[in-house]
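Colleague: Here you go, sequence then predicted model.
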Amino acid sequence: ERNLVESGGGLVQTGGSLRLSCVASGFTFDDYAIGWFRQAPGKEREGLACISAVIGSTYYANSVKGRFTISSDNAKNTVYLQMNSLKPEDTAVYYCAEVLEYGSSWTFRNWGQGTQVTVSS
């Protein structure tokens, strides 16, 4: 069974940082890119970043480019999302997932339970 488990969310003040972790089990990162999306109450799902762990390429949505960094530790089957300069509008539940499509349109599958990020003003 392919599982992804997110952790690392929490409450942080504006301008603060958090690092989210996503641990995969039941599969490796060889097959698909792994990425992060978020969903805030009443808002649509928003794709943020993805990484191809095999070749190390990354992609970021404009909304997080320059503030968020995605990375992977293939030995630990873990993908990270380092989030800096956080803003109240970053408040959402963050999910990691397999990425089937990214860019102008994102398609995800097999996401975890999510981790809540709350940024206070």
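Modeller: In hand now; what should we look at?

Colleague: what's the burial count for the nearest residue to residue 81 once chain neighbours are set aside?
Modeller: In this structure, residue 81 finds its nearest non-sequential neighbour in residue 20, 4.3 Å apart by CB to CB, 6 or more residues apart in numbering. Heads up, the C-betas are built off the backbone N, CA and C, glycines and all. Around residue 20 there are 22 other residues, counting by other CB atoms under 10 Å.

Colleague: Quick one: the strands in the protein, in order.
Modeller: Per DSSP state E, the chain carries strands over the ranges 3-7, 10-13, 18-25, 33-39, 46-52, 57-60, 68-73, 78-83, 92-101, 107-109, 115-120.

Colleague: Using a markdown table, lay out the ones you listed together with mean pLDDT.
Modeller: What follows is the strands of the chain, written out as a markdown table (pLDDT from 0 to 100):
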| stretch | mean pLDDT |
| --- | --- |
| strand 3-7 | 95 |
| strand 10-13 | 98 |
| strand 18-25 | 95 |
| strand 33-39 | 96 |
| strand 46-52 | 96 |
| strand 57-60 | 96 |
| strand 68-73 | 95 |
| strand 78-83 | 96 |
| strand 92-101 | 96 |
| strand 107-109 | 95 |
| strand 115-120 | 98 |
